[in-house]
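Novice: Need the 3D shape of this:
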Amino acid sequence: MYEVGASELVTAWHVMPGMEGPEGQLHSHDYRIDVVVARDELDDQGMVCDLDVLRAALGGATNRVRDRNLEVIQPEGADAVTVEIFARWIHDQLRGMLGRIPATLHVRVWETPEAFGGYAAVLD
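Specialist: Coordinates of the predicted model:
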């Protein structure tokens with residue numbers, strides 16, 4: 001399996017309703033977002049996908065939430081934007097920008113250096 005990836009740092013705000021302490025109040029995190037595209041065979045240009053396209057797509061997605069409250073991406077019916085929900089949102093944004101390629105896109109959103117949530121699905 002071949003892989004390419006990119007990372008981006010972004011500060012954003014969120015609140016976890018019903019929780020005590022700082023988590024229950026609007027607070028920020030310095031998130032690290034890692035994305036990896038993996039596929040069995042390389043394309044005609046010898047690539048998994050173009051790294052410039054991947055980095056631009058990731059930058060476009062993170063710019064939409066940079067220094068903002070993550071409620072702007074909160075899905076209907078969700079009480080808060082967890083790292084799992086954030087990872088799925090990033091995946092959906094990149095999926096639209098990368099197009100249909102025979103690959104799997106893995107997204108990890110690190111809330112701290114030791115803890116992350118993720119989402120992965122096939123792009124085609």
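Novice: Below-threshold pLDDT in the chain: ranges please.
Specialist: Within the chain, not a single segment meets pLDDT under 70.
Novice: where exactly do the helices run in it?
Specialist: Assigned by DSSP state H, the chain shows helices spanning 51-63, 83-98.
Novice: Could you say which one of these comes nearest to residue 70?
Specialist: With respect to residue 70, and counting by CB to CB, the nearest of those is helix 83-98 at 6.6 Å. Every C-beta, even on glycine, is put in place using the N, C-alpha and C of the backbone.
Novice: Give the buried residues for that closest one.
Specialist: For helix 83-98, burial by neighbour count (16 or more other CB atoms under 10 Å) applies to 83, 85-91, 93-95, 98.
Novice: which residues touch residue 100?
Specialist: By CB atoms under 8 Å, 6 or more residues apart in numbering, residue 100 lies in contact with 123-124.
Novice: meant to ask about residue 124, not that
Specialist: Applying CB under 8 Å, 6+ apart to residue 124 gives the contacts 100-103.
Novice: circling back to that earlier point, now the buried residues of helix 83-98 in CSV, with distance to residue 57?
Specialist: Output for those, formatted as CSV (distance: CB to CB, whole Å):
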residue, distance to residue 57
83, 20
85, 19
86, 16
87, 15
88, 15
89, 13
90, 10
91, 11
93, 7
94, 5
95, 9
98, 6
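Novice: Need the helices of the chain in TSV (columns: distance to residue 112).
Specialist: Shown next, in TSV, are the helices of the chain (distance: least, CB to CB, whole Å):
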stretch	distance to residue 112
helix 51-63	18
helix 83-98	10
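Novice: my guess is residue 34 contacts residue 7, does it?
Specialist: Yes: applying CB atoms under 8 Å, one finds residue 34 in contact with residue 7, separated by 5.0 Å.
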